[in-house]
Structure formats: C-alpha cells, structure tokens
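1. how does the following fold in three dimensions:
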Amino acid sequence: MSSSSTGHSAAFGRTLQFITSIKLQELEKQRLSYQEHAKVLQAADACGNNLIAKVELLLNAVKAWSGSGSVDRQSNLGGKLNLANLSLWLPQAKQDPNFSPGILKGWIDTLETHIRHSMMRFDCAKLFGNLFNEWIASGDSSTALASPADDTNSVGSEKVGRQEMHDQLDRLTSIIFDDATIDISALEDYLSSLFSGEEAKKALEALRDEVKLFQEYLKNETFTTHTVEYIVQGLLASGLMDEAKRATLAEFLENKTVLEEVASVLTMRMASLETWSWPEEGMPIEMRRHLNGKYRWDYISLHSHFNVPHKFYRAFTDPEIIDALLLQHIGISWQVKLKTAFRQILESKAWKNTPLEDDANLISLQLSQVITRRQSIDASRREQRRKDFFLSQLSTSTSKPSTYDDLLDTPGMENPSGPAAIKQKLLRIMATEAQLNSTLHGSHAVVRSDLEWFGPSLPHQSILTVLNFFGVSEEWCSFFQRFLRAPLRFKGDATGSVRTRLRGTPISYALSVVCGEVILFGMDFAVNQKADGLFLYRMHDDLWLWDADPVKCATGWKEMNVYADLVGLKFNANKTGSAWIGTAKPTGLPAGDIRWGFLRFDQTEARFVVDQKDVDLHIVELRRQLASTKSVFGWVNAYNKYMAFFLRNFGGRPATCFGDVHVADIINTIARIQQGLFPDNQGGAAAYLRSVIETRFGITDLPQGYFYLPIRNGGLELRHPMVEMFGLTRIGAGGLGHFERLVKSDEKRYKELKEEWDRGSSGYRGSSNTGSGPFMSLKGYLSLRETWSREWKVCYNDMLCVKELECVQETPVVESFLSQAKTKWNALDWYEQWIVSLYGEEVVKRFGGWEVVDSSLIPLGMVQLFRTSRMKLDE
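-> Okay, the predicted model is just below:
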C-alpha cells in the first residue's frame, strides 16, 4: 500500500472515530442530565396523597425536557394520554369535586412510566456507546479504522496461521513459479478439429472478425467521467482492493474534478498500452482468509468434504489505484465483447441442440392450441443456460460488471443475480431434472467436478494459444502475457525477493476472469460437440453435467479429461463424483459423491440431503471463531455472516422441488447448530449475548426483541436464522408427486385431443382447415413432453419456483408504536415485519417505543462500516 493512501485512510478513520466520539459523548451527557431530571419521581412521591400536585409536577417535568426523547404539547404518551388534552382537563380536575381519583392515578402512572422509559432508553444509549467503543478498540473487523501497521497476515510472522497455511503457501509457490509444458501444436489441432464443420467454421470466422474490430476500438478509447464511475464501482464490488484503497475509490465518486483527472490519465495510459508493465519492485501479496474456515490462495480449491475442513487463504495482489482502474476497464471490456461473441456461437447452428422433429409442421398443426416448441421445457432450459450458466463469470455490460467471489463476507452477497443466487438456481435445476428424468425416462445420471488449483495452475501458453486461436492479435497477446507474468513478493518475507509468476492468474482481476473463461469455453464447446449436444453447466471452474442417458454423461466426462490434459489442467479428485438413479452403475463415470455446499445427493432417496458430518466440522470452526472475538458487535457480525453462510449452503430458500421434508431438515439442522454452539445456554445466541452483556456491562433484564432490533433503532441486529424457514408457504410432498400427477393425466388429455381432431374441430386444425390425416400416435404425443408441451413446462417451472413467504399481518398495536417511531409497515422488509410483530410489544413495554436509542444520536457512519467491514478471522 502506498504511504499516501495509508495516510488518507488513517485520516478518514480518525475523522470517523472523532464524529462517533462526539455523538457518543452527547449521548452520555444527556443521560447524566436526565438522571438529574428524573429525580422528579422522588419529588412526586413526596407529594403523598395530593394527586393534583403529582400530576402538575410530573407534567411540567415531561414538558420541560428538551433533549433526546423530548415531547411537544400535542404528543401522546403511551398511546393513551395526549398532553394537550391533559392541559385542558387539569383545571377541571382541580375544581370539579366529582372528578374521579382513579383518572388522576391513571395520569400519574402514564407520566411516571414515560419518565422511567426515558431513563431506560438513556441507559440503553450508554450500553450502545460502550458496545461501539468496545468494537472500535477490539480489531474484530478489518475496517478503515485499522492501523496500517497491523499486518497480522504477514507471511514472515511466526505467530500467524496454522501449519496448513504454510504448507499451502509452499504448494502455491511450487506451482506459480514453475512453467508448465504445453503441446501447443496438439492444442491448436484439437481446437481446429472442434471447429472443422461447415457451420462451426462460419461461426469461428465471424468471431475472429468481431475480435479484430474490437481490439482496435479498445486501444483508441477515450475515457469519460461516467466510464471512470463504472470502473470504480466495479472495483469496489470485486473485493480486489484493500480497505484503505476502497475508501479512496469511494471518495473519487464524490469529486467530479478527480474523476476528470483520472479519466485523462487513463486515456493516456491506454494510448501507450504497449509500454505498460507491472512495477519492477514487484506486487505485494496480501493473504485474506476464507470465512468458512478455509485458506485460499488465488483460486485454490483444496477443500475436502471427507476430512476436517482445510483452512484457506486467498492471495490478493495490491496494485496501485491507476493500474487497478486501467486493468479493470480492459478486463471488463474484453469480458463483454467475448461473451457477446461466444453467445453468437451458442445461438448458431454450430452449437448442437435438441433436433427439430421431422414432422414438426404436423405437430404444430394438430396441437397448435395446446402445444408449442417455444413454450416447452427445452425452451426453458436453453434460456436458463444462456442467461445464467453460459460463461456466467463474464460481464454482459461494462456498467454492471459480474463478480466471482464466494467469500462469506463479500460485499453484495445478497445480490439476487449474484454468484451465490446463481449457484442456488443450479441446485434447484439439478434437483428438478433428476426427478423429471426419473419420471419420464426411468434413469438419470449426474457428474460433478472442479479444477484443482485452477487460477494458480492455468498455463500461460494455453491462455495465449486459445486467445490467439479466437483472433486476439499479437499486440494484445503481448499485453496479456505482461499481465500474467507479474513480479511478486510476499508481505513479511524477510529476504524481500521478487519472483516472476510463470503460471496462473491473479485473483479478482477482470482480466483473470477473461483468461479462465476463454480456456473453459473450449471445454464447453468440446462437451457439446462430442456428447451429442450435452450442456456443461459451469460456475467458473465448478463443473456439472447431467442427462437421462448415463452414456452421454460418460462421453462428456471423457472429453472433459481430454481437453483438460491438452490445456494443462487437472481435476480435483476430492470434489469429483457422480450419481445415478434407476440404472445399474454406469461405466465411465468418476468415483465420489455429488455434493453442493452442505448437501449430498442421496441415490437411495433420489434427493439432496444435509450432510450432518460436514456441518459438525464447521460448527467446531465457527465456535472457535466466535470465541476469538473481543467485542459484542464483532461477535454479532461474525455470527450473522456465518449463519448466512450456512443457509446459503443449505441451498437458500427452498423451491418446490425439495418438498417440505427438506425444509424440516434445514430447521432441525439449524437447531442442532445452535445447540452445538451454545450447549450451556438453552436460549441460543440471544441468551449467550444476554449473559455477556450482564458480565461486561452489568445490564440485566433486556427484552428478547432488543437483540434482534436493528442497530439504527439501538439494538444489536442479531439475525435469527430460522425465521424464513418458518415463514414459508407449505410446499407439500414436492418432487416426483408433481411430475407423476402430470403423467397420469397425459393419456386422458391425449384422448380428448384425438377426439376433437377426429371430429374435425377447427380450433385444432388451424385456420387453413387442412391436414385431415390421422392424429398422431400416443407414443408420439408422449415424446413431446419436454420439447413441445406447455403443461409440462408450467410444471417444470413451478418445481424451480422458490416458495413465497407467508404475509405477516400488521396489528393495531404494531401500527401504533411504528407510527410513534415514524416508521411505515410497508417500509419494512418481510424479516423486519416478522421481528417487529413478534418482539415489538415486549420492547415497547420496556422502553416505551420501538426506538430504544434516539436515531439522531446513533453514529450511522459507524453502523454502515460495521455492516460492510470484513471480519478479522482467528488463525
């Protein structure tokens, strides 16, 4: 990191801390002031039976307070006493001998309760300040507040990391500094043979023409401020930059003059791209820990589901900001162009798809009112593949770059179109296809694998050969080579040696994604061509293929191995496996289980089940990480992110295809995780935090809802991991039941259609009223289920549909205290509505409102930093 960016970050951190300290000091000052103000309760007690005097004393005290929580003359206390009304009624109470003492006592109770609630809110404000100060001092999160000298991840430090990390570092260096030997002629011949057909040659030529035009355009591009904004936003989403440079980039977006200057510099750098190179002193490598207890270096993928989970780091280089911006733009621009160009091959006749039936015209004529090829399962599959799984890591737009990062605390992991969401969609498709093929064909096979050390082991010669084959010029290949052959030095290495990378790609660069996806497109096309149109579902180097015919899967797997050998890649045996249903063990499929996250495909049950042994290993790791936190907020941050990680790797919110049994499995597993984490606390996470706060800060009797209350309202924002599962609409049996019911109705439907045809119904003859021949056979009709039938498509899509959450109804009581907090019910998301409905009344009873700390005095900048900061993990 440059000294300027470090200093800038430190200044930013000090400023944020200063602002936070002012707000927290103001909170404490008002708390102490209100303690004195609340002594009116003692004075009221001294009034004895003089109820009028008590009311007047208390009312004046409530009106006199002008700090946080102050009220005006129109305010309602406790939702039942309006102060303006009270001012009108008080003279009557003084003069009217018939006035009820019970009413006076009720007023007194309301006024005293308001004062006590205010005292409780100030006590809670003090707790809030203590918790935030504890978090800032703890170092539990990697934020802009961290000291630049805090280099706890230095390789040279003997205290950092476990032995596994050092072993994997040795393995990494043995790969990236060892050049791979590739038979370039054999690879070129193989690629030429893949594109030897007439249609494939046309598609290849069109691709090369587009690439030729594009690379000339890109070289002469002029940057604008809008372009720079897109680049900065893409970098912030990538996870490449450290916290200090992320803060600097974020400030770029607020200063148009800076954006103009950066645009000018980038235009000059692009014009002289042939002279670009990495700094001679080498790129420092920063180690970042994978949150689920894995160490990862670049795209390392050594995780074994069969043993204790390995600890992974990812090795991030730390580029200067201008270099990072330039490389981001070049990488995203190439991504968009290549994805567009390769999609044209996908949509061309060169790409093998389900062939059109010989009698397609007759089918269309006889079944035009109920069936169409464009509204079929097959059509849905093609659209899914094109949209979500074909070169999914390449961006489709320079303004909305794709990201690939499965780190648990990556910014934006909740993105519905992000990598985690697409992986869950893949799971739903796999589960649905297994049930569909079992129902219609009586068999199903699936193969899963990934490439071992994919990023670090990618041979540079393979990348450059494939790029050149697809039309990338020598000039641009030279640039790619300079990018790949980066000089590297490890932080903390006492020797300070700089070594040139000879293999692999650096992590989180857009250009690295280009290199990986171009290589793997060759595998995609090879499987399609050699396995009779089989589609290789892919999320980066996570590889999946399935079909009703196990032979096609075996053929596809064989071709994947052929291609991997040619480009110098190796499959990860620990993450390779296969499964089959309704058939004897097929030949040619790889050994091993089919796994997705914490799920394992059970061939006996023909569905994905939770792998409890794998969960147990991660409970141990999570317990250790939670124990290493030094602050309550740090603990909550870690807990929330780990719980989200668990849920994401259970498949997220279940779709119809999983059935209620899967929902029950998840609920039971989450309950078991809670029991494993908190064996001594029957109340789970909230009970544990309650005991910690009591021990550290002496605060007792906090209501349950306080722990789940959003930070903006003064709570801890603890996330309840079970809530969404309980809120799901009932799925039913799911799975085979849906498809089996449709099978039973098919024959009946066929008879109805045939009878209408035989009667000469114009609705099924078409407007020309031609084609009076015999209606198709039952076998022919049934063969159209996947390729033509709308009914089967509807059922298929329903199986993929994520179940909706049941609406939580707002009650008058909830409406009342939300109104008091100036919050609208519809402004809350579903989870917040559940929490406020379930726990809100208890919170209001204790604190007098849903807002337990005045939001104007909460340091919102720190709250946002808390939510987005990365965790510091215990090594």
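
2. how about the residue sitting furthest away from the middle of the chain, secondary structure?
-> Farthest-out residue of the chain from its mean C-alpha position, per C-alpha atoms, centre = their mean: residue 97, at 68.7 Å. Classification of residue 97 using DSSP: H, G, I helix; E, B strand; the rest coil returns coil.

3. just the pLDDT for it.
-> On pLDDT, residue 97 comes in at 90.

4. all numbers from here: first residue = 396
-> In the new count, where the first residue is 396, that last one comes out as residue 492.

5. neighbours of residue 668, how many?
-> Residues lying near residue 668 (other C-beta atoms under 10 Å) number 16. All C-beta spots, glycine's among them, are computed from the backbone N, C-alpha and C.

6. now the helices for the stretch 596-745 of the chain?
-> Secondary structure of the stretch 596-745 of the chain (DSSP state H, counting those that start in this stretch): helices at 620-633, 638-647, 651-666, 716-741.

7. mind checking how far the closest residue to residue 713 other than its chain neighbours is from residue 506?
-> Spatially, and ignoring its direct neighbours in sequence, residue 713 is nearest to residue 679 (4.9 Å; C-beta to C-beta, 6 or more residues apart in numbering). Separation of residue 679 from residue 506 (C-beta to C-beta, to the nearest Å): 64 Å.

8. between those two, which one's more packed in?
-> residue 506 (26 against 17).

9. does the more buried one touch residue 457 like I think?
-> Yes - using C-beta atoms under 8 Å, residue 506 is in contact with residue 457, at 6.0 Å.

10. intersection of neighbour lists for those two?
-> residue 472 (C-beta atoms under 8 Å, 6 or more residues apart in numbering).

11. by mean pLDDT, flag the weakest helix or strand of the protein.
-> strand 689-690 (a mean of 39; mean pLDDT, DSSP states H and E).

12. shaky segments in the stretch 796-945 of the chain?
-> 798-812, 887-889 (pLDDT under 70).

13. tell me where it has strands.
-> 839-845, 882-885, 894-895, 932-934, 937-942 (DSSP state E, counting those that start in this stretch).

14. next one: the second one to chain centre, how far?
-> For strand 882-885, the distance from its own C-alpha centre to the chain's C-alpha centre is 31 Å (C-alpha atoms, centre = their mean, to the nearest Å).

15. who does it touch, helix- and strand-wise?
-> Applying 3 or more C-beta pairs under 8 Å, 6 or more residues apart in numbering; DSSP states H and E, we find strand 882-885 packed against strand 678-685, strand 894-895.

16. strand partners (parallel or antiparallel) of it?
-> Looking at strand 882-885 with DSSP bridges, its partner strands are strand 678-685 (parallel), strand 894-895 (antiparallel).

17. can you list contacts of it?
-> 550-551, 564, 571, 673-680, 712, 891-896.

18. that strand: which residues count as buried?
-> Going by neighbour count (16 or more other C-beta atoms under 10 Å), the buried part of strand 882-885 is 883, 884, 885.

19. just the C-alpha atoms of it, please, in CSV.
-> Output of strand 882-885 as CSV, limited to C-alpha atoms (Å, rounded to 0.1, in the frame of the first residue of the first chain):
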residue,chain,number,x,y,z
PRO,A,882,6.7,-9.9,-10.5
LEU,A,883,5.6,-11.0,-7.0
ARG,A,884,6.8,-10.5,-3.5
PHE,A,885,5.2,-11.9,-0.3
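
20. in a strand, that's where residue 980 is, yeah?
-> No - counting by three-state DSSP, residue 980 is not part of a strand but coil.

21. which residues touch the residue nearest to residue 672 when sequence neighbours are not counted?
-> The shortest distance from residue 672 to any residue other than its chain neighbours is 5.5 Å, reached at residue 877 (C-beta to C-beta, 6+ apart). Listed by C-beta under 8 Å, 6+ apart, the contact set of residue 877 reads 671, 672, 673.

22. count the residues that sit near residue 978.
-> 14.

23. in the stretch 596-745 of the chain, where is pLDDT below threshold?
-> 681-710.

24. residue 847 touches residue 959, doesn't it?
-> No - judged on C-beta under 8 Å, residue 847 makes no contact with residue 959 at a distance of 9.9 Å.

25. overlap in contacts of the two?
-> Contacts common to residue 847 and residue 959, judged by C-beta under 8 Å, 6+ apart, are 965, 966.

26. which residues sit in contact with residue 869?
-> Counting by C-beta under 8 Å, 6+ apart, residue 869 has contacts residue 863.

27. separation between it and residue 736?
-> 19 Å.

28. can you check residue 456 too?
-> 75 Å.

29. and residue 1134, by the same measure?
-> Residue 1134 is 38 Å from residue 736, by C-beta to C-beta.

30. likewise for residue 590?
-> For residue 590 relative to residue 736 (C-beta to C-beta), the value is 14 Å.

31. in the stretch 1096-1245 of the chain, which spans are helices?
-> 1099-1103, 1118-1121, 1131-1154, 1173-1177, 1185-1195, 1207-1215, 1225-1242.

32. show me what the mean pLDDT comes to for the first one.
-> If you average the pLDDT over helix 1099-1103, you get 94.

33. same question for the fifth one.
-> Taken as a whole, helix 1185-1195 carries a mean pLDDT of 91.

34. could you do the third one as well?
-> Throughout helix 1131-1154, pLDDT has a mean value of 83.

35. can I get it in CSV, CA atoms only?
-> Taking Å, rounded to 0.1, in the frame of the first residue of the first chain, the C-alpha atoms of helix 1131-1154 are listed here in CSV:
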residue,chain,number,x,y,z
LEU,A,1131,-41.9,-36.8,-8.0
GLY,A,1132,-45.5,-36.1,-7.0
HIS,A,1133,-45.8,-33.1,-9.3
PHE,A,1134,-44.5,-34.9,-12.4
GLU,A,1135,-46.2,-38.2,-11.6
ARG,A,1136,-49.6,-36.5,-11.5
LEU,A,1137,-49.0,-35.0,-14.9
VAL,A,1138,-48.0,-38.4,-16.3
LYS,A,1139,-51.3,-39.8,-15.1
SER,A,1140,-53.3,-37.0,-16.8
ASP,A,1141,-51.4,-37.2,-20.2
GLU,A,1142,-53.2,-40.2,-21.6
LYS,A,1143,-56.6,-38.6,-20.7
ARG,A,1144,-55.5,-35.4,-22.4
TYR,A,1145,-54.4,-37.3,-25.5
LYS,A,1146,-57.8,-38.9,-25.9
GLU,A,1147,-59.5,-35.6,-25.6
LEU,A,1148,-57.3,-34.0,-28.3
LYS,A,1149,-57.6,-37.0,-30.6
GLU,A,1150,-61.4,-37.0,-30.3
GLU,A,1151,-61.5,-33.3,-31.2
TRP,A,1152,-59.2,-33.8,-34.2
ASP,A,1153,-61.3,-36.8,-35.4
ARG,A,1154,-64.5,-34.6,-35.1
